[in-house]
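>>> With the sequence up front, the predicted model follows.
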Amino acid sequence: MLRIATRASALARWQAEEVARRLRETSGLDVELVPLEVTADRRLDVPISAMGGQGVFVKEVQAALLDGRADLAVHSAKDLPSTATPGLTLASFPLRGDPRDALVGRALGEMRPGATIATGSVRRRAQLAAARPDLAFVGLRGNIATRLGKVPAGGAVVVALAALQRLGLTQQTAEVLDPGLLLPQVAQATLAVECRADDEQTRLAAAAIDDPAVRLVTETERAFLARLGGGCDLPVAAYARLEGGLEGGTLVLDGLVATLDGRHLIRDRVSAPAGDGAGMGATLAAALLAAGGEALLADRP
C-alpha cells in the first residue's frame, strides 16, 4: 500500500488521483489518498505573501510525509520552494500540462479602459499591467470554483489553463494568453511527486513514472528561481521547453523579473542543446540580475 498526501481541493485531488492511477499501473500496488485541509486553503482572507510566500501550500502536506502519515505527496510543482526540503526528495515529475494562463470573463482586447482583472498573482498582475496599464487590478484567493464565481463585471479573472482543463471547465475560457504576453510561473502545470529521502522502495516506485523531458524543463525553471533567491515577492516568471526532444533537441528558456506595476520589466531568452538545464537556469537568472534585476529584487516589499 502506498499512501499519497494531497491538499483536499478538487484540483489537488484530480492531480493525486492521476498519479495514483499511474502508480497502480506501474507498481501493481494499492494506492490510497490522504487528503489534508491545509491552513493556506482555509485562510482566504490572508494574502499568500503574508503567510510566508512560496511553500505555504506544501508545508503541511510535507509534514505528513515526515511524520509517517503518508508515503508520497503530490504537489503542483509551482508551489514548491526552489530548494530541497530536508529529509525529502522529489522522486518524479510525471506530467506537465499546458503551462499557459487563461482569462475567464472578457478577453484582454475586449476590456474597456478601467475594467478590472482579479488575480492574486503578482507575476500575472505585473505582466498584464505592462500590456494594459489602463486596467484596474484586485486581489483574488480561493480554489478554482471560488475564483470563477468572482469574475468582475466587464473584466476577468486569471487562472491556469491546465486547472481548467483538468476540471473540465475549458468552456469558460475567454482567452488563452500567449507566453509572449504572459510568461508562466516557474513549473506551472507540472506535477511533482515527493517522498522521504531514506525511503528507497517508495522512491523507486515513484521514479518509475518520472518523465525525463518534464524533469529537465522543470529543473531548468527551478534553477532559474533558485538563483534569483527563491520565493521573493516580486513578479518572477520562467518558461522552459524542448524543441526536438531530449536526443539532439534544443532547450529554450525565457525568464522575467519585473516590478508589481509592470513599469519595469526585464526579460531575456537563452537556448542550448538539451543537457544542463540547471546551468542554463542559473545562467539566465544571473544575466537578468546583471541587467537590472538585482535592483528590482532589492526594492521588493
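Arrived safely, thanks for sending. Residues are numbered from 1 along each chain as shown.

>>> Just give me the residue closest to the centre of this structure.
Lys78 (2.5 Å; C-alpha atoms, centre = their mean).

>>> Let me know the pLDDT of that one.
On pLDDT, Lys78 comes in at 93.

>>> Verify the contact between it and Gln185 for me.
Yes - using C-beta atoms under 8 Å, Lys78 is in contact with Gln185, at 4.8 Å. For every residue, glycine as well, the C-beta is placed using N, CA and C.

>>> can you pull out the helices in this structure?
Secondary structure of the chain, counting by DSSP state H: helices at 10-27, 39-42, 59-66, 122-131, 144-148, 161-166, 200-207, 212-228, 277-288, 294-298.

>>> any chance of those helices in TSV, plus mean neighbour count and mean pLDDT?
TSV is the format used below for the helices of the chain (neighbours: other C-beta atoms under 10 Å; pLDDT from 0 to 100):
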stretch	mean neighbour count	mean pLDDT
helix 10-27	18	96
helix 39-42	14	55
helix 59-66	19	93
helix 122-131	22	95
helix 144-148	16	92
helix 161-166	21	97
helix 200-207	18	97
helix 212-228	23	96
helix 277-288	20	96
helix 294-298	15	82
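
>>> Including distance to Met1, could the ones you listed go into a markdown table?
What follows is the helices of the chain, written out as a markdown table (distance: least, C-beta to C-beta, whole Å):
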| stretch | distance to Met1 |
| --- | --- |
| helix 10-27 | 11 |
| helix 39-42 | 26 |
| helix 59-66 | 15 |
| helix 122-131 | 39 |
| helix 144-148 | 30 |
| helix 161-166 | 26 |
| helix 200-207 | 11 |
| helix 212-228 | 26 |
| helix 277-288 | 34 |
| helix 294-298 | 45 |
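
>>> Of all these, which one is nearest Phe93?
helix 212-228 (4.5 Å; C-beta to C-beta).

>>> for that closest one, packing partners?
strand 88-96, strand 190-196, strand 236-243, strand 250-258, helix 277-288 (3 or more C-beta pairs under 8 Å, 6 or more residues apart in numbering; DSSP states H and E).

>>> Try it again at 7 Å.
strand 88-96, strand 236-243, strand 250-258, helix 277-288 (3 or more C-beta pairs under 7 Å, 6 or more residues apart in numbering; DSSP states H and E).
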